[in-house]
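**Q** For reference, the sequence and a predicted model appear below.
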Amino acid sequence: TTAQPGQFICVYLGDAQSIASPREVTPPDTVNALIGASLKPSLILPRPFSIMHVADEYFDILFKVVGIGTSILAKVSIGQQLRIIGPLGNSFEWDEDADIAVLVAGGIGVAPFPFWAQRLKEAGHDVVVFIGARNCNELPVTPIAHEDARIQALNTSLEARIFAELGVPSAIAVEEPMPGAFTGTVVDMLISWLNAHSHLRPIIYACGPKAMLQRVQMVLRERNLRGQFSLEERMACGIGLCLGCACLVRDLATQQLRYQMVCTDGPVFDADAIVF
Ligand SMILES: Cc1cc2nc3c(=O)[nH]c(=O)nc-3n(C[C@H](O)[C@H](O)[C@H](O)COP(=O)(O)OP(=O)(O)OC[C@H]3O[C@@H](n4cnc5c(N)ncnc54)[C@H](O)[C@@H]3O)c2cc1C
Ligand code: FES
């Protein structure tokens, strides 16, 4: 109930009980059988995931299987218990000078945005969401067709179901052509939209691969726009103790460089402050 959009949780997958059923504690051997190997030391580290959506006492996460931890997580079934800590980190913030929020997601970087889009909408702010993927197989959302051009100036007829259910317009960019989608990267789509809406003062929220964030940062600097990025770093503790998730940022007042922790100072940072 205290979770804010942009915050995350850490899931511990390295001990037997973290994936045990409530009634039946799974011995380590069963865990090893599940992953088909000895328990790897790397599983001691918690795995961070954005809070995607919150309803009553429940919350959702959306994750992509990229390695051993997410493979285990994908095999957890209903009723099994997970050891998690959270909500952790800071959150996205609305900019009172802005008149629309533009949420830019690269692939699984969409995960924190349903929660944020919902909060923005509830607060009466205009929101649009752009989601990009290399091809339709890598889209992290379910595309649905809409009849009207819900987002003016983008020649697209596909939107993401999860945002449509929130009443928030969205558009999908795919690098390999796909009927109804914008052809190109999500940053290309952002630029098209910005060109057609130069009368607006948007604030850009972005989450995705580093290369995408670097491009968005350049676009924002060229146009003197404000933005907030959610960063991803490997995390060993998730609570500011190990200094393993340091990222370099520039103090925008003094221009001095310093390290900050993604887990406690972030994961959300001012887009202009991040040094890639
Ligand atoms: C604040 C935060 C929020 C995140 N939210 C989500 C989310 O909502 N959904 C989601 O799918 N993923 C999210 N991630 C990334 C997710 O934590 C990693 O994909 C996951 O920890 C990988 O675990 P693994 O054991 O499967 O991979 P490993 O077996 O440990 O590694 C597999 C590959 O993934 C890379 N990797 C591992 N950890 C990270 C990381 N933290 N960031 C980037 N690359 C990593 C490794 O370099 C390696 O190439 C988030 C990361 C952070 C820091
Ligand atoms: S993960 Fe340990 S300080 Fe951030």
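**A** Nice, I can see it. Numbering: from 1, shown residues only. Ligands and ions are numbered 1, 2, ... in the order given.

**Q** When you work out contacts or count neighbours from here on, use the C-alpha atoms and nothing else.
**A** Will do.

**Q** got any ranges where this structure has weak pLDDT?
**A** Filtered on pLDDT under 70, the chain yields the residue ranges 1, 15-42, 147-150, 152-153.

**Q** make it 50
**A** Applying pLDDT under 50 to the chain flags residues 16-39.

**Q** Get me the contact residues on it for ligand 2.
**A** Residues of the chain lying close to ligand 2 (Cα under 6 Å from any ligand atom) are 235-245, 261-263.

**Q** mind redoing it with 5 Å?
**A** In this structure, the chain approaches ligand 2 at residues 235-238, 240-245, 263, judged by Cα under 5 Å from any ligand atom.

**Q** Just put those residues in TSV and tack on distance to Thr142.
**A** Converted to TSV, the residues of the chain next to ligand 2 look like this (distance: Cα to Cα, whole Å):
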residue	distance to Thr142
Met235	29
Ala236	32
Cys237	33
Gly238	30
Gly240	35
Leu241	38
Cys242	38
Leu243	37
Gly244	35
Cys245	32
Cys263	29
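
**Q** which ones among these are found in strands?
**A** Among the residues of the chain next to ligand 2, none falls in strands (DSSP state E).

**Q** so which of the residues you listed is the most crowded?
**A** Among these, Cys263 has the most neighbours (other Cα atoms under 10 Å), with 31 neighbours.

**Q** residues touching that one, list them.
**A** Contacts for Cys263 (Cα atoms under 8 Å, 6 or more residues apart in numbering) come out as 88-89, 235, 238-240, 245.

**Q** and which of those is nearest Ala123?
**A** Distance to Ala123, by Cα to Cα, is smallest for Gly89 among the contacts of Cys263, at 22.0 Å.

**Q** my guess is that closest one meets Thr264, correct?
**A** Yes - using Cα atoms under 8 Å, Gly89 makes contact with Thr264 at a distance of 4.8 Å.

**Q** quick one: which of the residues of the chain next to ligand 2 sit in helices?
**A** Of the residues of the chain next to ligand 2, none are assigned to helices by DSSP state H.

**Q** and of these, the nearest to Val110?
**A** Each of these was scored against Val110 by Cα to Cα, and Cys263 proved nearest at 18.5 Å.

**Q** any chance of the contacts of Cys263 in CSV, with distance to Asp95 too?
**A** Compiled in CSV, the contacts of Cys263 are given as follows (distance: Cα to Cα, whole Å):
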residue, distance to Asp95
Leu88, 22
Gly89, 19
Met235, 29
Gly238, 27
Ile239, 27
Gly240, 27
Cys245, 27
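
**Q** Just flag the most distant two among those residues.
**A** Across the contacts of Cys263 (Cα to Cα), the longest gap, 13.6 Å, separates Leu88 and Cys245.

**Q** biggest helix in this structure, by residue count?
**A** When the chain is parsed with DSSP H, its longest helix is helix 210-223.

**Q** from the chain's centre, how far out does it sit?
**A** Between the centre of helix 210-223 and the centre of its host chain there is 17 Å, according to Cα atoms, centre = their mean, to the nearest Å.

**Q** Doesn't Ile172 belong to a strand?
**A** Yes - with DSSP: H, G, I helix; E, B strand; the rest coil as the criterion, Ile172 is located in a strand.

**Q** Would you confirm that it contacts Arg161?
**A** No - using Cα under 8 Å, Ile172 is not in contact with Arg161, being 11.0 Å away.

**Q** Name the residue in the two with the higher neighbour count.
**A** A count of neighbours by other Cα under 10 Å puts Ile172 above the other of Ile172 and Arg161, at 29 against 17.

**Q** Return the residues in contact with the more buried one.
**A** Counting by Cα under 8 Å, 6+ apart, Ile172 touches 130-132, 143, 156, 158-160, 181-182, 186.
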